[in-house]
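Peer 1: A structural model of the following input is requested.
(one chain, ligands or ions: 1)
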Amino acid sequence: MSSMNKNFVCIGLQNPKSASNVASILRAAGCYGASSVFYTGNRYRYAKEFNADTQNMHQKIPTIGVDDLLAMAPKGAKKVVVELVEGAVPLPDYQHPQNAFYIFGPEDASVNPELVSACDDVVYIPTHGSMNLAATVNVVLYDRLAKSDFDRSIEFVQQSRDNNNRLKAF
Ligand SMILES: C[S@@+](CC[C@H](N)C(=O)[O-])C[C@H]1O[C@@H](n2cnc3c(N)ncnc32)[C@H](O)[C@@H]1O
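Peer 2: As a prediction, the model looks like this:
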């Protein structure tokens with residue numbers, strides 16, 4: 001898929017600590033149509049093949065270890081740091097770029113100041129205390145979906161649900 005496509009989402013993770021968090025992020029990437037996940041640091045690199053990723057999502061969503069997240073920003077993508085930062089835009093007020101590279105910090109620290117100053121936008125979610133990393137990724141991708149012209153068809157529900165789910169609301 002070309003990074004110049006209308007809606008293009010990539011995720012960058014700065015030195016994620018927990019393999020189970022990354023597994024949840026990869027599942028979110030699949031559900032919301034993000035195309036790839038870049039990460040720095042060795043902590044996930046070592047944990048990648050262990051069993052937290054029970055659906056083997058890292059084999060379905062390109063999951064790429066890199067030295068420099070900024071260098072991996074897809075062509076034309078706006079770099080959006082998601083972090084509790086003074087002066088950031090509250091996510092409910094944010095208009096997502098069509099072509100976005102969302103960058104998240106690690107569970108036990110914050111996004112590096114160099115990344116914050118090199119990005120195009122900085123957004124935060126006005127929560128009481130910080131959220132879990134994977135929860136944050138889900139919230140950001142959901143917020144993007146909710147503000148988009150998403151597919152409301154029954155066919156979409158039918159193709160997304162489990163095979164054994166034949167429930168109807170009415
Ligand atoms: C558990 S947080 C780390 C602690 C966080 N840097 C802090 O100052 O409280 C892990 C990552 O999730 C994201 N995150 C968690 N809660 C957030 C919030 N309310 N707004 C924006 N980003 C958040 C950030 O990318 C953060 O680096």
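Peer 1: could you say what helices and strands the worst-scoring helix or strand of the chain on mean pLDDT packs with?
Peer 2: Every helix and strand in the chain was compared by mean pLDDT, DSSP states H and E; the lowest is helix 43-47, with a mean of 78. The contact analysis (3 or more Cβ pairs under 8 Å, 6 or more residues apart in numbering; DSSP states H and E) places helix 43-47 against helix 19-32. From N, CA and C alone the C-beta is placed, and that goes for glycine too.
Peer 1: what is the helix it packs on packed up against?
Peer 2: Under the contact criterion of 3+ Cβ pairs under 8 Å, 6+ apart, helix 19-32 touches strand 8-13, strand 36-39, helix 43-47, helix 133-146.
Peer 1: so the second one, near the ligand or not?
Peer 2: No. Figure legend: strand 36-39 not in contact with the ligand (Cβ under 6 Å from any ligand atom); closest approach 12.7 Å.
Peer 1: so for the residue in the chain positioned nearest to the ligand, what's the nearest residue that isn't a sequence neighbour?
Peer 2: Minimum separation of the chain from the ligand (Cβ to the nearest ligand atom) falls at Gly105, amounting to 2.3 Å. Among residues not flanking Gly105 along the chain, Val111 sits closest, at 4.0 Å (Cβ to Cβ, 6 or more residues apart in numbering).
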